[in-house]
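Enquirer: sequence unavailable; structure follows:
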């Protein structure tokens, strides 16, 4: 593909030879002749000046460099689209593998691919153009929309509801029992039946080995466009707002409520019955046990305002010297 065509497809402004051939994509440090790469983080700007890439996706105001540039408002998004142009994922033709077990009452839409050893139980409904790869299990009475994609060993439990274009990566579990137990008079734990479904709205992606628990009553709901990373735990009865990101190993205790466009970085945690406002951010390994206002950035455990946390961390590194000085003053 020539750079002129790539620029047109990415809606980018080209500065450089329009006839240069591009054969693939690569990171800024690995890119060679024929590759297109990108710079979205300013700390990588020096690498752009030395890159061997055929072209670099950059912001509109990025300084001129030796390599050709494709200028766009969002280089990272443009690079994501460039990957789609050069990488073709496996194709899954419609059909049902001979080892799949599908209950007679289940209903599948048009052009579905059902892989080896898939199990689809009673009264399940799945829309058009679904892809279920080997060992996927769909429990009874689940309702799933169009263009569902379930990688191997994903599970959707009984009565759960999934919208259109939902993606479950390997081992993702939607609707496992919430962790609910009540202690009886003799000190033994009595399991609380988890009767409510998990609901995933349109364009939700749940990545590998993440768990979305069903609710004891009511429902657990993941709103449209939310993305849930590997090994995330969403407790029973929680809600996750539109376009929210839960990064690796995040944990939400039961009845947590997250607004829209929230970001929880890796290993962040929210105690039960807390509300995290729209646009709030919890940085990595933060933990909160109270409500967080919209737009707030929190850090640390227990979580505090990010700017205060940064000052605390800076002070913490000086503590040994401060103690030394105090001891010295005490001897004088």
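Expert: Structure received. Predicted model only: the values in this text are computed from it and were never measured.

Enquirer: now the helices for the protein?
Expert: 3-10, 45-50, 75-86, 306-317, 319-331 (DSSP state H).

Enquirer: burial measure for residue 181, as a count.
Expert: 11 (other C-beta atoms under 10 Å). Backbone N, C-alpha and C define where each C-beta goes, glycine included.

Enquirer: how near is the spatially closest residue to residue 10 that is not a sequence neighbour to residue 8?
Expert: Nearest in space to residue 10, with sequence neighbours left out and distances taken as C-beta to C-beta, 6 or more residues apart in numbering, is residue 78 at 4.7 Å. Counting by C-beta to C-beta, to the nearest Å, the gap from residue 78 to residue 8 is 12 Å.

Enquirer: who has more neighbours out of the two?
Expert: Neighbour totals were compared for residue 78 and residue 8, and residue 78 leads with 23 against 12 (other C-beta under 10 Å).

Enquirer: the residue nearest to residue 110 when sequence neighbours are not counted: what's it in contact with?
Expert: Ranked by C-beta to C-beta, 6+ apart and with sequence neighbours excluded, the top spatial neighbour of residue 110 is residue 128, at 4.5 Å. Residues near residue 128 by C-beta atoms under 8 Å, 6 or more residues apart in numbering: 109, 110, 111, 112, 146, 147.

Enquirer: and if you look at residue 183?
Expert: 189, 190.

Enquirer: ok, it to residue 253 distance?
Expert: Following C-beta to C-beta, the distance that separates residue 183 from residue 253 is 18 Å.

Enquirer: one more: residue 169?
Expert: From residue 169 over to residue 253 (counting by C-beta to C-beta), the distance is 23 Å.

Enquirer: likewise for residue 308?
Expert: 24 Å.

Enquirer: more crowded one of the two?
Expert: Between residue 308 and residue 253, counted using other C-beta under 10 Å, the more crowded position is residue 253 (19 against 12).

Enquirer: if I look at the more buried one, how far off is residue 236?
Expert: Distance from residue 253 to residue 236, by C-beta to C-beta: 9 Å.

Enquirer: got it, and residue 4?
Expert: Distance from residue 4 to residue 236, by C-beta to C-beta: 54 Å.

Enquirer: more neighbours: the two, which one.
Expert: residue 236 (29 against 14).

Enquirer: now that the more buried one has come up, it's in contact with residue 215, right?
Expert: Yes - counting by C-beta atoms under 8 Å, residue 236 touches residue 215, with 4.7 Å between them.

Enquirer: quick check: neighbours shared by those two?
Expert: 178, 194, 196.

Enquirer: ok, and the most crowded of these?
Expert: Highest count within the shared contacts of residue 236 and residue 215 by other C-beta under 10 Å belongs to residue 178, 26 neighbours.

Enquirer: domain parsing for this protein?
Expert: 3-86, 95-308 (automatic domain parsing).

Enquirer: least reliable of those domains going by mean pLDDT?
Expert: Here the domains of the chain differ in mean pLDDT, and the lowest is domain 3-86 at a mean of 94.

Enquirer: and that one, end to end?
Expert: End-to-end distance of domain 3-86 (C-alpha to C-alpha, to the nearest Å): 13 Å.

Enquirer: select, out of the helices of the chain, the one closest to residue 285.
Expert: helix 306-317 (11.2 Å; C-beta to C-beta).

Enquirer: pull out the buried residues from that closest one.
Expert: 306, 309 (16 or more other C-beta atoms under 10 Å).

Enquirer: what packs against that helix?
Expert: strand 297-299 (3 or more C-beta pairs under 8 Å, 6 or more residues apart in numbering; DSSP states H and E).

Enquirer: residues making contact with the strand it packs on?
Expert: 280, 281, 282, 283, 286, 288, 292, 304, 305, 306, 309, 310.

Enquirer: tell me which of those residues fall in strands.
Expert: Judged by DSSP state E, those include 281, 282, 288, 304, 305 as members of strands.

Enquirer: of those residues, select the buried ones using a ChimeraX command.
Expert: In ChimeraX syntax, the buried subset of the ones in strands among the contacts of strand 297-299 is picked out as below (16+ other C-beta under 10 Å):
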select :281,282,288
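
Enquirer: which of the residues in stretch 173-186 are buried?
Expert: Quick answer for stretch 173-186 (16+ other C-beta under 10 Å): 173, 174, 175, 176, 178, 180.

Enquirer: list the contacts of the second one.
Expert: The one in question is residue 174. 154, 155, 156, 157, 160, 162, 168, 198, 200, 206, 212 are the contacts of residue 174 under C-beta under 8 Å, 6+ apart.

Enquirer: if I look at residue 57, how far off is residue 221?
Expert: 36 Å.

Enquirer: sorry, wrong one. I was asking about residue 75.
Expert: 34 Å.

Enquirer: next one: residue 204
Expert: 10 Å.

Enquirer: repeat that for residue 129.
Expert: 24 Å.

Enquirer: which of those two has more neighbours?
Expert: Between residue 129 and residue 221, counted using other C-beta under 10 Å, residue 221 has the larger neighbour count: 22 against 18.

Enquirer: the more buried one reaches residue 197, doesn't it?
Expert: No - with contact defined as C-beta under 8 Å, residue 221 does not reach residue 197; the gap is 9.2 Å.
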